[in-house]
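S.K.: Give me the fold of what follows.
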Amino acid sequence: MLFREGKFKSHSGLELDYKIECDGLSEFDLSTLASIISDNLTYGKIIGIPTGGERLANILRKFNHPMLEENPNTILLVDDVMTTGASMEEYKDIFSSSYEVKGVVIFDRSEDGLDWVTPIFKVNLR
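M.R.: Here you go, the predicted model:
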């Protein structure tokens, strides 16, 4: 099940009316998303945000990205769902002094998003 209705608390402590449960995505689903990412973004290294982004990051690493050698100093931060962007910002702060940092998420349910993070799907009906 990918979507669950009800009251949930997000990783960042927000009260949510529904949950996007990316564990419901199959390996085939994630491989398709990894292909979309690989075809549209350039990067050198891939870092999965624990714990939701690690599964997608592991699959994305299997793709032989044509720009890897040309972008060794670019890190792609990967997560499944971005609600506030706090985890993405936290990891960006860790790597930004040594690398150019880009981000990608499967679902962005934040109000404003982050200009350096590319969402595959934007979910915000406020």
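
S.K.: Show me what the longest helix seen in the chain packs onto, helices and strands only.
M.R.: In the chain, assigned by DSSP state H, the helix with the most residues is helix 27-40. With contacts taken as 3 or more CB pairs under 8 Å, 6 or more residues apart in numbering; DSSP states H and E, helix 27-40 sits against helix 52-60, strand 117-122. (Glycine included, C-beta is placed from N, CA and C.)

S.K.: can you list these in CSV and add distance to Ala34?
M.R.: Formatted as CSV, those follow (distance: least, CB to CB, whole Å):
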stretch, distance to Ala34
helix 52-60, 4
strand 117-122, 10
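
S.K.: Just say which of these is most tucked in.
M.R.: Among the helices and strands packed on helix 27-40, ranked by average contacts under mean count of other CB atoms under 10 Å, first place goes to helix 52-60 (a mean of 21).

S.K.: picking that back up, take the helices and strands packed on helix 27-40 and lay them out in JSON lines including distance to Glu90 and mean pLDDT.
M.R.: Output for the helices and strands packed on helix 27-40, formatted as JSON lines (distance: least, CB to CB, whole Å; pLDDT from 0 to 100):
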{"stretch": "helix 52-60", "distance to Glu90": "12", "mean pLDDT": "94"}
{"stretch": "strand 117-122", "distance to Glu90": "13", "mean pLDDT": "96"}
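
S.K.: Would you mind saying which of those lies nearest Ile94?
M.R.: Of all those, helix 52-60 sits nearest to Ile94, with 14.0 Å by CB to CB.

S.K.: Give me the below-cutoff pLDDT ranges for this structure.
M.R.: Scanning the chain with the threshold set as pLDDT under 70 gives 64-71, 125-126.

S.K.: Would you map the strands across it?
M.R.: 3-9, 15-20, 45-48, 74-82, 100-108, 117-122 (DSSP state E).

S.K.: How far away from the center of its chain is the last one?
M.R.: Put plainly, it is strand 117-122. Relative to its chain's centre, strand 117-122 lies at 8 Å (CA atoms, centre = their mean, to the nearest Å).
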